[in-house]
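1. Structure of the sequence below:
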Amino acid sequence: MSILGLLELMLAAGTGVGWIAAIGIVGSLAVVVAPWVSPTLPRMTLIILGAVPFALLTWWSIASPLLAVVALGLGASGTLGRTPALITGRVS
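-> Here you go, the predicted structure:
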């Protein structure tokens, strides 16, 4: 996930448009730190807020929307196995 965030950072730096680059850089940092945050923070929220806005702003390219889809897929698959005890009713 962090590598995908770094790839988004490279894409954002290469856009050339100031405000799109700023949104991409902030979003890429959110994707980079998503797997490393505390389990109490919603990791998928960081991934969604990090990858989707930049992908929507750069919809004409294939790289950034594809990167967002891969990041969302990896994030979802990583969180499926970790169902909170509040939902399952089991406390370990």
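
2. Check which helix or strand Pro65 maps to.
-> Using DSSP states H and E, Pro65 falls within helix 63-80.

3. buried ones in that helix?
-> For helix 63-80, the neighbour count (16 or more other Cβ atoms under 10 Å) marks Ser64, Pro65, Leu67, Ala68, Ala71, Leu72, Gly75 as buried. (Each C-beta comes from the backbone N, C-alpha and C, glycine too.)

4. And the contacts of it?
-> 1, 4-5, 7-8, 11, 24, 31, 34-35, 43-44, 47-48, 50-52, 54-55, 58-59 (Cβ atoms under 8 Å, 6 or more residues apart in numbering).

5. Just the buried residues from the residues you listed, in PyMOL please.
-> Of those, the buried ones go into a single PyMOL selection, burial set by 16+ other Cβ under 10 Å:
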select buried, resi 1+4+5+7+8+11+24+31+34+43+47+48+50+51+52+54+55+58
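
6. quick one: which of the contacts of helix 63-80 sit in helices?
-> Residues of those located in helices (DSSP state H): 4-5, 7-8, 11, 24, 31, 43-44, 47-48, 50-52, 54-55.

7. For Val17, state which of those is nearest.
-> Among those, Gly24 lies closest to Val17 (Cβ to Cβ), at 9.5 Å.

8. which residue sits closest to the closest one, ignoring its sequence neighbours?
-> Ala12 (2.5 Å; Cβ to Cβ, 6 or more residues apart in numbering).

9. before we move on, what about Val31?
-> Going by Cβ to Cβ, 6+ apart, Val31 has Gly5 as its nearest residue, at 3.4 Å.

10. One more: Val37?
-> Residue nearest to Val37 in three dimensions, not counting chain neighbours: Arg43, with 6.3 Å by Cβ to Cβ, 6+ apart.

11. which residues does that neighbour contact?
-> Here Arg43 is in contact with Ala34, Pro35, Val37, Gly75, Gly78, Thr79 (Cβ under 8 Å, 6+ apart).

12. now do 7 Å
-> Contact analysis of Arg43 by Cβ atoms under 7 Å, 6 or more residues apart in numbering lists Ala34, Pro35, Val37, Gly75, Thr79.
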